[in-house]
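Undergrad: Based on what follows, work out the 3D shape:
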Amino acid sequence: MKTVSGMPHVGSLRAICTHDVVFKAMKDAGFDVFFSYVFNDMDPMDGLPVYLDEKKYRKHMGKPLYRIPSPVKGYESFGQYYALKYKEAFNKIGCNPEIIWSHKLYASGKMDKIVKIALNHADKIREIYKKVANQDKPKNWHPYQVICEKCGKIGTTIVINWDGAFVTYECRKNLVDWAEGCGYKGKIKPVGENGKLMWKVDWPAHWKVLGITVEGAGKEHFSEGGSRDIGVHICKQVFKTKPPFGFLHEFFLVGGKKMSSSKGTGISADQITEIIPAHIVRFLIVKTPLRRAADFDPYGLTIPNLFDDFDNYAQVFYKEGKRSLYGRIWQLSQIDKIPEKKPFFPRFRDVAKYIQFPSVDVYQKFEKLKGKKLTKKEKEILEERIRYAKIWLKNYAPDELIYQVKNKLPKETKQLSEEQKKYLKRLISLLKQKDWKPEDLQQELYNTAKKMNVSVKKAFQAIYLALLGKNYGPKAAWLILDQEKEFIIKRFSEI
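TA: Reported below is the predicted structural model:
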């Protein structure tokens, strides 16, 4: 279940993906199992997202999310817009639960019976709050919120009486500090979408009504006296049902920081697949132990390392199958059908390197590395990695790994000394001698500098400045041999 109060951040993908893995594992084990996801769109808007027009939305504070206009045309409500943005994101990573809209569930009448049970046992629920969470609720407190018949707000109403058929309620002006009630007093049947149960009662009510037997949540819900704890007691003592098997998972962090939908912090759930492919997002979540925070920092080598792990786990899967931990993790990370035969995975950091060399045909390069033609599937894998490597290089790669060979003579070559220019001139002769192997050429570049009494550091800087326009780069011989020989000779000759 998720309250769709704003743009879903990437952290919210961990909960749904974790449940999807449980669902698929149970199916594999032969269980008759369904996977549902509730968009809680009856909750009030209790915080104004920073990215929304305050003048337009301040007046809607306190209303149920499904009764607030969407910030984008073409959607039925605020709640629907953000819910469908989230759905689009989790569908991409292979999660396809049955969607249940909270307001439709209430409107269908399926919650009527459980609402009445909760109201009839308000005293018992108050006792549970006190015993489990040490929270004192007033004697006339009721676990139900009415949608005000006059102003349409739910966050500002309080039930003051229940007679077994009707609730009496007030829409109070100063009940909460984030919304203003209209002062209306009324009487209404607690049925359909006239209102909803309070969150900590609403959650176990959903367990009962939907028949939920397994549900995890973030660690904050599993704290002693927290919402899970209260829900379990309500299940047993009020709803007379067995609570679902529960498990907690840690947060999904971005650069070590927790994210917020309403504050607009971090990466949104749909943005992450613009940075790494959907199956790599899923892989990151599946491979991270539940009780360890999944920390995704796109800067540095995080992304290349993730691809390396993915490829290594694939190797284990194709050797040992799902009986090994790494193999099972890789299998449960897949979104599309798994190829029977292991495809060739071009190493991501190599892809990122070779696409920076204008003279290198990347497809030919990886066919040479594979030793045969790439299959259609392998070309698709390579094309995907090229696309994401370009994004990584442009936005997140460390400076030392960005070595785009310049098509024109870099202006930085003006700083080259005469001895550096003479060194490059000698290299032209070396390159014309024969077709070099990288290891041999690397040694010869070093030897030549020594013979010419040029410092090795300055000699290699001359190569990097000539080709990259900076003082550093990858291994010089490999950099040179990754280009056409004529291109290198022409460049050194220009200098």
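Undergrad: Other residues contacting stretch 396-409?
TA: By CB atoms under 8 Å, 6 or more residues apart in numbering, the residues outside stretch 396-409 that reach it are 275, 298-301, 303, 349, 352-353, 356-359, 393, 464, 466-470, 472-474, 479, 483, 491, 494-495. Where C-beta positions appear, they are placed from N, C-alpha and C, glycine not excepted.
Undergrad: Also stretch 80-100?
TA: Under CB under 8 Å, 6+ apart, the answer for stretch 80-100 is 2, 4-8, 12-13, 16-17, 19-20, 23, 34-39, 41, 66, 70-72, 75, 101, 210, 261, 268-270, 272-273, 278-279, 281-282, 285, 334-335.
Undergrad: if we can go back for a sec, could you list which of the contacts of stretch 396-409 belong to helices?
TA: 303, 349, 352-353, 393, 464, 466-467, 479, 491, 494 (DSSP state H).
Undergrad: and those as CSV, adding pLDDT and distance to residue 326?
TA: Supplementary listing: the ones in helices among the contacts of stretch 396-409 in CSV, determined by pLDDT from 0 to 100; distance: CB to CB, whole Å:
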residue, pLDDT, distance to residue 326
303, 95, 20
349, 95, 20
352, 94, 24
353, 89, 26
393, 93, 29
464, 94, 39
466, 96, 44
467, 93, 39
479, 89, 34
491, 96, 45
494, 95, 51
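Undergrad: Can you flag the buried ones in these?
TA: 303, 349, 352-353, 393, 464, 466-467, 479, 491 (16 or more other CB atoms under 10 Å).
Undergrad: hang on, the earlier thing: and the ones in helices among the contacts of stretch 396-409, which two are furthest apart?
TA: 303 and 494 (35.7 Å; CB to CB).
Undergrad: Could you work out the end-to-end span of stretch 176-193 for me?
TA: 22 Å (CA to CA, to the nearest Å).
Undergrad: Show me how far that stretch is from its chain's centre.
TA: Chain-centre distance of stretch 176-193: 37 Å, with CA atoms, centre = their mean, to the nearest Å.
Undergrad: And that stretch, what's buried?
TA: Applying 16+ other CB under 10 Å to stretch 176-193 flags 176, 179-182, 184, 188, 190-191, 193 as buried.
Undergrad: Now compare those and name the two farthest from each other.
TA: Pairwise over the buried residues of stretch 176-193, using CB to CB, the maximum falls at 180 and 191, 27.0 Å.
Undergrad: ok, back up a step: so which of the buried residues of stretch 176-193 is the closest to residue 168?
TA: Among these, and counting by CB to CB, the member closest to residue 168 is residue 188, at 8.5 Å.
Undergrad: So that closest one versus residue 165, what's the distance?
TA: 10 Å (CB to CB, to the nearest Å).
Undergrad: And for residue 69?
TA: 34 Å.
Undergrad: Between the two, which has more neighbouring residues?
TA: residue 69 (15 against 10; other CB atoms under 10 Å).
Undergrad: Quick check: that one vs residue 101, distance?
TA: Taking CB to CB, one finds residue 69 at 17 Å from residue 101.
Undergrad: can you map out the helices along the stretch 151-300 of the chain?
TA: For the stretch 151-300 of the chain, the helices defined by DSSP state H, counting those that start in this stretch cover 199-210, 227-237, 278-287.
Undergrad: Select, out of these, the one closest to residue 62.
TA: helix 199-210 (15.0 Å).
Undergrad: What is the helix or strand of the chain with the lowest mean pLDDT packed up against?
TA: Lowest mean confidence among the helices and strands of the chain (mean pLDDT, DSSP states H and E): strand 252-254, at a mean of 76. Applying 3 or more CB pairs under 8 Å, 6 or more residues apart in numbering; DSSP states H and E, we find strand 252-254 packed against helix 12-28, strand 294-296.
Undergrad: give me the low-pLDDT residue ranges for the stretch 1-150 of the chain?
TA: For the stretch 1-150 of the chain, applying pLDDT under 70 flags no range at all.
Undergrad: Could you pull out the helices in it for me?
TA: For the stretch 1-150 of the chain, helices defined by DSSP H, counting those that start in this stretch occupy the ranges 12-28, 54-57, 78-92, 102-107, 112-120, 122-133.
Undergrad: how about JSON lines for the ones you listed, with mean neighbour count and distance to residue 345 added?
TA: As requested, those are exported to JSON lines (neighbours: other CB atoms under 10 Å; distance: least, CB to CB, whole Å):
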{"stretch": "helix 12-28", "mean neighbour count": "19", "distance to residue 345": "22"}
{"stretch": "helix 54-57", "mean neighbour count": "11", "distance to residue 345": "47"}
{"stretch": "helix 78-92", "mean neighbour count": "21", "distance to residue 345": "20"}
{"stretch": "helix 102-107", "mean neighbour count": "21", "distance to residue 345": "42"}
{"stretch": "helix 112-120", "mean neighbour count": "18", "distance to residue 345": "50"}
{"stretch": "helix 122-133", "mean neighbour count": "17", "distance to residue 345": "50"}
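Undergrad: I'd like those helices as CSV, with distance to residue 248 appended.
TA: Below are those laid out as CSV (distance: least, CB to CB, whole Å):
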stretch, distance to residue 248
helix 12-28, 10
helix 54-57, 33
helix 78-92, 20
helix 102-107, 23
helix 112-120, 25
helix 122-133, 17
